[in-house]
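S.K.: Next come a sequence and a model predicted from it.
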Amino acid sequence: MTVDLRTTYLGIQLKNPLVVAACSLTDQLDNLRQMADAGAAAIVMHSLFEEQIEHETDEFQRVYQRGADSFAEALTYFPDLDEYRLGPQDYVDHVAQAKKAVGVPIIASLNGVTTGGWVRYAKMLQDAGADALELNVYYIAADMNQSGAEVEQKYIDLAASVKKAIQIPLAVKLGPFFSSPGYMARRLVEAGADGLVLFNRFLQPDFDLEELQVKPHLELSTPAELLLPLRWIAILHGRLQASLALTSGIHRPMDLVKAIVAGADVGMVASVLYREGIGALRTLLDGLQRWLADHEYQSVAEARGALSQAKCPDPTAFERGNYMRALTSFTGQVI
């Protein structure tokens, strides 16, 4: 049985719902070709960071050096910006080369928290041939004088300003730490986002007790991390006029299946490619097609949202019921 794997993401028709998430693997053209050959329907390029853009200005240098006398050890947490593999113009050129090198849509990625030079580079990436732009808002609300409403408005203003500057579709990648994620999702769509990517992984720093320094720490995702975005994709499906992408936790074919039946238009992967190689893309796709055929689905579109919250007449009761069932069914024993 042949299953139609086609899907639409950000208004772009894709041959299947498997997309490579923003990661360092995309900085090599040969890797991009391998990803496309292995079945990736689209590729999100690694991010151009706000700090790279701001590094070109004297203002960022002042921010970078502010407090150096008192907090010199904290500066070791920031990378030497001169050592970034690709500067802003190099990144734009790389997107242009990627677009020519592979036959799948290329999605550029901007990572930061303020408007700064983003609007200018968003236009440049559009002109370089990017099919869409992913705005990765990585913001830790550590200011105790800043309200939740102010944090949310920062996201809204950023999305709106970038959307006004471009004609290509805009996706916003955000974290889960809002008091009302559904309300925030709706506001972002109203501000112009054509799609949402759930969720950004906020990496937590570690402490070096010998050097008494804060040090970077990165853990690849695990299948357990699928549950949080899976829940919110299921809640948002059918309630927003926007595409939904699920990222974090897709490592096995059944993880991709779950993303689809929750309501995702695409599933994005990165960590599994580091662990198992780019060929893992084919394994995921073959498993998806096999499951759909075994369960007599004619297409991805037919299966999408089969287990979404929209299928329940009382969404609040649905969530409460899952919570109660999880607690009452747990039979773990104390060792």
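M.R.: Okay, I see it. This structure is a prediction, so every number in the text was calculated from the model and none was measured. Numbering: from 1, shown residues only.
S.K.: what about the residue nearest to residue 275 when sequence neighbours are not counted, how many residues close to it?
M.R.: Nearest residue to residue 275 in three dimensions, chain neighbours excluded: residue 220, at 6.5 Å (CB to CB, 6 or more residues apart in numbering). From N, CA and C alone the C-beta is placed, and that goes for glycine too. Using other CB atoms under 10 Å, residue 220 has 13 other residues around it.
S.K.: wouldn't residue 220 be in contact with residue 274 here?
M.R.: Yes. Residue 220 is in contact with residue 274 according to CB atoms under 8 Å; the separation is 5.9 Å.
S.K.: which residues of the protein score low on pLDDT?
M.R.: 50-86, 113-117, 312-335 (pLDDT under 70).
S.K.: now the helices for it?
M.R.: 29-37, 50-54, 58-65, 88-101, 118-127, 148-165, 181-190, 227-236, 253-262, 271-276, 280-294, 300-303, 315-329 (DSSP state H).
S.K.: would TSV of those with mean neighbour count and distance to residue 172 be doable?
M.R.: Listed next are the helices of the chain as TSV, based on neighbours: other CB atoms under 10 Å; distance: least, CB to CB, whole Å:
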stretch	mean neighbour count	distance to residue 172
helix 29-37	17	23
helix 50-54	20	15
helix 58-65	12	23
helix 88-101	18	19
helix 118-127	19	13
helix 148-165	17	5
helix 181-190	18	5
helix 227-236	21	13
helix 253-262	23	18
helix 271-276	18	21
helix 280-294	18	25
helix 300-303	18	23
helix 315-329	11	23
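S.K.: Generate CSV for those helices, with distance to residue 109 as supplementary columns.
M.R.: Output for these, formatted as CSV (distance: least, CB to CB, whole Å):
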stretch, distance to residue 109
helix 29-37, 14
helix 50-54, 12
helix 58-65, 20
helix 88-101, 9
helix 118-127, 9
helix 148-165, 12
helix 181-190, 16
helix 227-236, 18
helix 253-262, 20
helix 271-276, 16
helix 280-294, 19
helix 300-303, 24
helix 315-329, 32
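S.K.: nearest to residue 205, of those?
M.R.: Judged by CB to CB, the one of these that comes nearest to residue 205 is helix 50-54, at 16.1 Å.
S.K.: which residue sits closest to residue 232 in space, ignoring its chain neighbours?
M.R.: Per CB to CB, 6+ apart, closest to residue 232 is residue 198, 5.4 Å.
S.K.: Was I right to think the one you found contacts residue 242?
M.R.: No. Counting by CB under 8 Å, residue 198 stays clear of residue 242, with 11.3 Å between them.
S.K.: Nice, that's everything, thank you.
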